[in-house]
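Q: 3D model of this:
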Amino acid sequence: PPWDSGISPPELLDYIANHPAGNAIDLGCGSGTNILTLTKHNWQVTGVDFAPRAVQLAKRKAQNAKITAAISVADVTRLKGITGLFDLALDIGCFHSIEDRAAYLSTLNRILKRGGHWLMYGFFKSAALPSGSGLSEVELDLIRSTGFQLLSRQDGTDKRGRPSAWFLFNKS
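A: Prediction:
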């Protein structure tokens, strides 16, 4: 798929370089590229995606790389069976497409340690995105109102010129 470059983004690599390894969850892990990157940097990683085919590919990549990671099909708004407390929640393009963002944030609050980080990449609402997709200032206010403090925001555009941003939040 076009969203799966097979290369971890520099924002994740920068995060890894500047934070001690711990427990991470990749929300919407796709085919597992970032699971491998985190694991190779001594993180304990859980990956979830709603697409069984993507999870199958991620498990195959992990097996071929001889790494251990918990990878499963799951709904990120519920994450049934996932009880761990994570130091990092990675979300590259998942939150901005979720309909029930309040349920997502509630689940994220449940699984992320106090002081943990949520590294999230998302597109902003535009006419080019399906109805309901994309971030707006309303969603950013919702995030802040649920106990997440914005540490950094890097605005930019993707290869198609769509406005997007990287966010790093801290769970207070």
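Q: so Leu90 sits in a helix?
A: No: Leu90 is assigned strand when assessed by DSSP: H, G, I helix; E, B strand; the rest coil, not a helix.
Q: In contact with it, which residues?
A: By Cβ atoms under 8 Å, 6 or more residues apart in numbering, Leu90 lies in contact with Leu12, Ala24, Ile25, Asp26, Leu27, Asn34, Leu38, Leu119, Met120. (C-beta placed from N, C-alpha, C; glycine too.)
Q: Which helix or strand contains the fourth one?
A: In this case it means Asp26. Assigned by DSSP states H and E, Asp26 belongs to strand 23-27.
Q: list the buried ones in that strand?
A: Within strand 23-27, the residues that count as buried by 16 or more other Cβ atoms under 10 Å are Asn23, Ala24, Ile25, Asp26, Leu27.
Q: can you point me to the longest strand in this structure?
A: strand 112-123 (DSSP state E).
Q: Contacts for that strand, please.
A: 9, 11-12, 15, 19, 85-93, 95-96, 108, 129, 133-135, 148, 151, 158, 162-172.
Q: before we move on, what about stretch 52-69?
A: Residues contacting stretch 52-69 (Cβ under 8 Å, 6+ apart): 29-33, 35-36, 39-40, 45-49, 71-73.
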